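Q: After the sequence you'll find the predicted model.
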Amino acid sequence: MSATAAAPVRVSRFGFVNAYLVREDDGLTLIDTLLPRSGRAILRAADGIGAPIVRIVLTHAHGDHIGSLDQLAAALPQAEVLISSRDARLLASDTTLDPGESREKLRGDYRGAATRPTRTFEGGERIGSLEVVAAPGHTPGHVALLDARDRTLYCGDAYSTLGGVATSAKANPRFPLVRMGTWSPALELESARALRALDPRRLAPGHGKVVDSPGAAMERAIAQAAA
Ligand SMILES: [Zn+2]
């Protein structure tokens, strides 16, 4: 059936912002695209694995996650581009809030991209081996991706591990950047709890190192944010 999961391949810029290459039977899924001008580094990493990038999945529309989307979409015209329908609007630099959404200020870099998704999701879909898990709060349409083969959780900015495992609901004094980009801390904390309940075997964040057996650290992070 599907390929066995191999350890996630992390492509990092300056050790602080991450994209991931996930192996599938039909090629590679790229999760996030780093800062602008990172496309070549990502393509080199895919070359190193020896498989083509067949789809690009975005956890959310912040500039340090979509920065090289246009560059990569130009280099990979056949690749699918996927993002939540909600953050697709932010990707198009539409920063209006929906009726019923928290009136908190949208924070962070929404410079957007010219590339439009070929497909959008809401949460609950399956993309290859990855389950889309709605995890709103950091941005309104933020998602995480759970690899059903080995329970690696690609958590975007719902958690960071730089300076220790932390949610983006509360500032980590050692790495305040992700909190500074968070739209709704209360919603983000709810999502952090829901992601913990998935019992991931590995936490692969947008910022910081991959952490194995992250459950206890995620619980501490939730307790800190809730305090
Ligand atoms: Zn972010």
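A: That came in fine, so what should we check first?

Q: Residues of this protein that sit close to the ion?
A: Along the chain, the residues adjacent to the ion under the rule C-beta under 5 Å from the ion are 62, 157, 181. In short, each C-beta sits where N, CA and C put it, glycine included.

Q: Serialize these to JSON lines and add fields for pLDDT, secondary structure and neighbour count.
A: What follows is the residues of the chain next to the ion, written out as JSON lines (pLDDT from 0 to 100; DSSP: H, G, I helix; E, B strand; the rest coil; neighbours: other C-beta atoms under 10 Å):
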{"residue": "H62", "pLDDT": "98", "secondary structure": "coil", "neighbour count": "27"}
{"residue": "D157", "pLDDT": "98", "secondary structure": "coil", "neighbour count": "29"}
{"residue": "G181", "pLDDT": "94", "secondary structure": "coil", "neighbour count": "20"}
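
Q: so where do the helices sit in this structure?
A: Along the chain, counting by DSSP state H, helices occupy 39-49, 63-66, 69-75, 85-91, 177-180, 185-197, 215-226.

Q: Now tell me what touches the second one from outside.
A: Yep, that's helix 63-66 we're talking about. Outside helix 63-66, the residues that touch it by C-beta atoms under 8 Å, 6 or more residues apart in numbering are 17, 32-36, 58-59, 91, 108-113, 156-157, 206.

Q: Please indicate which of those are buried?
A: 17, 32-36, 58-59, 91, 108, 110, 112-113, 156-157, 206 (16 or more other C-beta atoms under 10 Å).

Q: lowest confidence element among the helices and strands of this protein?
A: Lowest by mean pLDDT, DSSP states H and E among the helices and strands of the chain is helix 177-180, with a mean of 85.

Q: Quick check: G128 touching T29?
A: Yes - the pair G128 / T29 is scored as a contact, 5.6 Å apart, by C-beta atoms under 8 Å.

Q: Can you pull the residues that touch both of those two?
A: Both G128 and T29 are contacted by 22, 55, under the criterion C-beta under 8 Å, 6+ apart.

Q: more neighbours, the two?
A: Each of G128 and T29 has its neighbours counted (other C-beta atoms under 10 Å); T29 has more, 25 against 22.

Q: Any regions of the chain where pLDDT drops low?
A: Filtered on pLDDT under 70, the chain yields the residue ranges 1-5.

Q: Help me confirm that Y154 comes into contact with L145.
A: Yes - between Y154 and L145 there is a contact under C-beta under 8 Å: 4.3 Å.

Q: Name the residues contacting each of those two.
A: Counting by C-beta under 8 Å, 6+ apart, the contacts common to Y154 and L145 are 31, 59, 130.

Q: on that earlier part again, just say which of the helices of the chain is most tucked in.
A: Stretch with highest mean neighbour count among these: helix 63-66 (a mean of 24; mean count of other C-beta atoms under 10 Å).

Q: could I get it in PDB with only the CA atoms?
A: In PDB, the C-alpha atoms belonging to helix 63-66 read as follows (Å, rounded to 0.1, in the frame of the first residue of the first chain):
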ATOM      1  CA  GLY A  63       5.700  35.000   5.100                       C
ATOM      2  CA  ASP A  64       8.300  32.700   6.600                       C
ATOM      3  CA  HIS A  65       6.200  29.700   5.600                       C
ATOM      4  CA  ILE A  66       5.100  30.800   2.100                       C
END
